[in-house]
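A.B. asks: Could you work out the structure for the sequence below:
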Amino acid sequence: MTAPLRKFEYQPVGSGKPLTPNDVREHLDGIAAFLGGAANVIMQLSLKPVAYGVMESDVTSGAVTVHPIKRLRTTLTYLAVAWLGDEEDRRSYREAVNRSHRTIRTKPDSPVKYNAFDPNLQLWVAACLYWGVDDLYIRMRGPMDPALAEDFYQYGARLGTTLQMRPEMWPATRDEFYEYWERNLATKSIDERTRQYFNDLTDLKMLPRPVQFVFGRFHRFVVTALLPQHLRDEMHMTWTARDERVFGLVLRTISAVWTRMPVVIRLFPFNFYLADMRLRRRLGRPLV
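C.D. replies: Residues are numbered from 1 along each chain as shown. Next up, the predicted model:
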C-alpha cells in the first residue's frame, strides 16, 4: 500500500515568538523515541554516505551492533540535549560528539565518501529526526494548531544546529521543509549491503536471542509501519491496509494512556538522559 504524501493547505505562519525548552516539553512524547528509533536510523542511513560512514567506522565503542545499550544512551542523550538542553548543554555535548566523530571516515575503497562534519549530511539526519517526531505526533495526537506547528518546526532546527548544521540551511518554513523532504526522499536507494545491515537492526540481531525471539517480530512490524513507503519499497518490505489499521489501533491505545500521564512521565527518557548528561559533566565522566 502506498501512503499519500502529506500536503498542508494552510499558510504556515508562526506566532512570531520562538519556543523555549520549557515550551516544547508539553509537545514531546518520550515513548516516540522508543517506537521510532530504528525506523529513523534507516531513514538517516538511506543517505548512502551516512550509511557507509557508520558501517565502515573503526570507532566500535558507539556502534549499535557492538554496544547497543551505549548507543541507545548516546542517541537519546543527543535528542534530549537538542530538544531540552540549554546553551551550555548543547556546547558540551557538541564538543563530546565532535571528539568521537573526528576519526569517522569511509575507507579509501568505499563506493562513497563520508565526513561526519559535513553540514549537508547533518541536515538530512536532522530532517529525518524532525520528520519522525512530527509523524508520530500526528499519528498519536492529531495535527498541531498551524501556528504552533510552525513554531515547533522552527525550534526543530536545533536537531541540526546542535552540531555543525548552519541555521540558514534549515528550510525556512514547514511547507518548504516538506518540499525538501519529498524531493530528497525520492532520491534515496538502499543497496544489498546496507539492506542487510538494516535487516539485522530491525530483527534485533545485536541483542540476546531471547530478546530477539520475544520482541523481534513486533519490532519489525513497528519499523515497517514508521518508514515512508519509498523506503519500505527499497527495503523490500510489505505493508497492507490491514497492517495500517492494526498499527493505528496500537498507537491510539498507547496515546490514550500516554497523553494523560504527567509531563514528567511523558518526557521520559529525555528528561532522564538530560539529567544523566549533566551529572556526567559535573563528575568529569565521558559524555559519549
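A.B. asks: lowest average confidence, helix or strand, in this structure?
C.D. replies: helix 48-55 (a mean of 85; mean pLDDT, DSSP states H and E).
A.B. asks: roughly how far apart are the residue nearest to L274 when sequence neighbours are not counted and E244?
C.D. replies: Nearest non-adjacent residue to L274, counting by CB to CB, 6 or more residues apart in numbering: A80, 4.1 Å away. In this view, the C-beta of every residue, glycine as well, is placed from N, C-alpha and C. Distance of A80 to E244, given as CB to CB, to the nearest Å: 31 Å.
A.B. asks: the more surrounded of the two?
C.D. replies: The residue with more neighbours, out of A80 and E244 and counting by other CB atoms under 10 Å, is A80; that gives 25 against 13.
A.B. asks: ok, now which ones touch that one?
C.D. replies: By CB atoms under 8 Å, 6 or more residues apart in numbering, A80 lies in contact with P269, F270, N271, F272, Y273, L274, M277.
A.B. asks: got TSV for those residues, with pLDDT too?
C.D. replies: Formatted as TSV, the contacts of A80 follow (pLDDT from 0 to 100):
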residue	pLDDT
P269	95
F270	96
N271	96
F272	97
Y273	96
L274	97
M277	96
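A.B. asks: Put together CSV for those, with distance to P208 and secondary structure on each row.
C.D. replies: Below are the contacts of A80 laid out as CSV (distance: CB to CB, whole Å; DSSP: H, G, I helix; E, B strand; the rest coil):
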residue, distance to P208, secondary structure
P269, 21, coil
F270, 27, helix
N271, 28, helix
F272, 24, helix
Y273, 23, helix
L274, 29, helix
M277, 27, helix
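A.B. asks: ok, now how distant is E192 from E56?
C.D. replies: E192 is 16 Å from E56, by CB to CB.
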